[in-house]
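In: A predicted structure for the sequence below; I have some questions about it.
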Amino acid sequence: MTDFPHIFRPATLAGHTLRNRIVFGAHTTNMAEDGLPGARHIAYYTERAMGGAAMIVVEPMPVHPSAVLTRGNFRHSSDDVIPHFARLTKAVKSHGAVVLQQLYHVGAHGDQDNSWHAAWSPSGGPSWHDSDGSHEMTLAEIEEIIDSFVAAAIRCQKAGFHGVEVWAAYHGLLDQFWTPLSNTRNDDWGGSLENRTRLSREILRRIRAACGPDFIIGLAVSDGSGVEAALSLDELQEIVALHDTERLMDYVTCGSGSYFDFHPLMPTFLYPEKLGVDLAQRLKSVVSHALVTAESHIRTPENANAVLGAQQADMVSIVRGQIADPHLVAKAGAGRAEDVRGCISCNQQCWGRRSRDYWISCLINPSVGWEHQWGGDRFTPADRPQNILVIGAGPAGLESARAAAERGHRVTLHEAAPRIGGQLRLAGLQPRRAQILDLLTWYERQLAHLGVTLHCNSYLDAPDIAAIAADHVILATGSLPTGTGFQKALPHLPELPGLDGNVWQVEDVMGRAARLGQRVIVLDEGGNWRGGGTAWHLAETGHAVTIVTPHAMIGRELERSAADLPLRRRLAALGTRFVIESAVASWQNGGAEVVNLLTGETSHIAADSLVLATTNRADMTLFHDLARHGIAAHLIGDAHAPRLAAQAFHDGRNLALRL
């Protein structure tokens, strides 16, 4: 018996049996090496197959030189990829998963700096990716694209894939043909619904003819209906119904967002959950042959089971949830859902790294991208169990303690505060970030299960540690504000003039130690959640907030995680004032003198309190004290260097694997 009966019903696609209803859907890992899948890429997908995913859709393969989007794209139009993908499909199949590859063309939105090829589109429209325009396709070029899709599908079949998923989502090329805004042609490929869908229908029809009836063909679409220029849900229903009537695909998968409205593509915690379900339910009502997959912000087994049980979809794609915990499906099936490490919808290392053209990872699961070196998201027992003492229960300390205990070490964890989490717990107190608190609860369960001895409200000094006589001492004591108000934008000022009067740190605010007046200035040097999330909290609790930042936009670092615009919208709706490309020259009771970094002009902003979100310094006090006592210690996380939480989790896991 299972707590999730709807998940664990098999499904059938083109004669292939899926062992359950959970898909690990297509997403760009950017892990290709010289355009080929290597050890990193293969181990990443193999781990998710091992973890129970029924079907894995490997990331997009550009089908043509004009389709290249990222540095990590695979080689297009080349049989060189076949033996490399054959190793991937063999590994995935050995763990019982069905494996497909997505085929795509982004049309006008191609990255021409990566492709060195003009972007092709139905009518020569502009890119929403950058400031470039595109080339209006000729009839011969349309045929060339059809042939490219078919050739790519044949390559996939030769490499051992069970099928392909043809990408028509997010206003990519096929969606551009479907959408009247981007398709103004007056020939057989534009105008009527039949003409505008001719390209996608012809591609699917010719793939079926080339690859046979037992080759799975999927179609990916997305709900971009929040933008007036995009296709409406009614129009998408009509388009998918037409394809289904002609029995052109075995399944259709439903995402959210588009290049018109990019942020819901990978929705952060600022968006509601289960975003793709509305479209999936609508498409289920008009198809009679194809199965329907719901995706987009369906993070948990509970969500998936509810969607399937309500018959809103036939399958569910959980991507970031299985990045965060590749064994999500297996744990759910074994009655261990409480052991699933839940995605916190932050996007900081998945989309955050991909948007910078790096290979992806995960903030809370540091094994992502390192599976081939670390042996997956699993642990090899230590040769000799040792006594491990961890000081500090922030992200680095928690992960080092957990991973060391997983390997069989005897671990004791001391935390000076009443609760675990450190600065991560403070982040979880910001608006809509309670998923972080769920993660900390998960750590409490895991540590208890693994027999880690946890002491909160426990401050240890060097003599205390010397008396414990551990085999290894791990210092995860975090970082502290400098207390000087130093700003990188004004490096000639070692200390902010006027620090004595009602100046607080973000840690004071979220830790409820600050005594703030009504009018608050938040100096946001980092452009991330420390400043932006604290400003949101203050605005929601009734303060009149002004954000001052040296950057050209509020939330600059959050742009990489597709969270910046939703945050600015929330702040604007709460009446927050934005002061950009500026720094605080001095503070005095009554307000701040703010200097414009472009013009050098100063202005006075009246305020009662100033909150600083500037770069911290590592707290190495205990490290130096231990050294004076002749005790060596490992420094991890912010105690090593102040960074974001992803680096802290990585430090903790990496060290535990080496003990």
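Out: Right, received. Where do you want to start?

In: what is the longest helix along the chain packed up against?
Out: For the chain, the helix reaching the highest residue count under DSSP state H is reported as helix 139-158. Using 3 or more C-beta pairs under 8 Å, 6 or more residues apart in numbering; DSSP states H and E as the contact definition, the elements that helix 139-158 packs against are helix 81-93, strand 98-104, strand 163-167, helix 198-211. (C-beta placed from N, C-alpha, C; glycine too.)

In: off-centre distance for whichever helix or strand comes after the last one?
Out: This points to helix 198-211. Sequence order places strand 216-223 as the next helix or strand after helix 198-211, per DSSP states H and E. Relative to the chain's own centre, strand 216-223 is displaced by 21 Å; criterion: C-alpha atoms, centre = their mean, to the nearest Å.

In: and strand 216-223, what other elements does it pack with?
Out: Packed against strand 216-223 by the contact rule (3+ C-beta pairs under 8 Å, 6+ apart) you find strand 98-104, strand 163-167, helix 198-211, helix 233-245, strand 251-256, helix 277-284.

In: go through stretch 245-262 and flag the buried ones.
Out: By neighbour count with 16 or more other C-beta atoms under 10 Å, stretch 245-262 contains the buried residues 248-261.

In: tabulate those residues (JSON lines), appending distance to residue 611 and pLDDT.
Out: Conversion of the buried residues of stretch 245-262 to JSON lines gives the following (distance: C-beta to C-beta, whole Å; pLDDT from 0 to 100):
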{"residue": "248", "distance to residue 611": "57", "pLDDT": "98"}
{"residue": "249", "distance to residue 611": "53", "pLDDT": "98"}
{"residue": "250", "distance to residue 611": "55", "pLDDT": "98"}
{"residue": "251", "distance to residue 611": "50", "pLDDT": "98"}
{"residue": "252", "distance to residue 611": "48", "pLDDT": "98"}
{"residue": "253", "distance to residue 611": "44", "pLDDT": "97"}
{"residue": "254", "distance to residue 611": "42", "pLDDT": "95"}
{"residue": "255", "distance to residue 611": "38", "pLDDT": "93"}
{"residue": "256", "distance to residue 611": "34", "pLDDT": "93"}
{"residue": "257", "distance to residue 611": "33", "pLDDT": "91"}
{"residue": "258", "distance to residue 611": "37", "pLDDT": "91"}
{"residue": "259", "distance to residue 611": "36", "pLDDT": "89"}
{"residue": "260", "distance to residue 611": "36", "pLDDT": "89"}
{"residue": "261", "distance to residue 611": "32", "pLDDT": "88"}
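
In: tell me the one of the residues you listed nearest residue 381?
Out: Using C-beta to C-beta, residue 253 is the member of the buried residues of stretch 245-262 that lies nearest residue 381, at 39.7 Å.

In: ok so, going back, for residue 342, find the nearest of the helices and strands packed on helix 139-158.
Out: For residue 342, the closest of the helices and strands packed on helix 139-158 is helix 81-93, at 24.3 Å, according to C-beta to C-beta.

In: among the helices and strands packed on helix 139-158, which comes closest to residue 188?
Out: It's helix 198-211; of the helices and strands packed on helix 139-158, that one is closest to residue 188 (C-beta to C-beta) at 6.5 Å.
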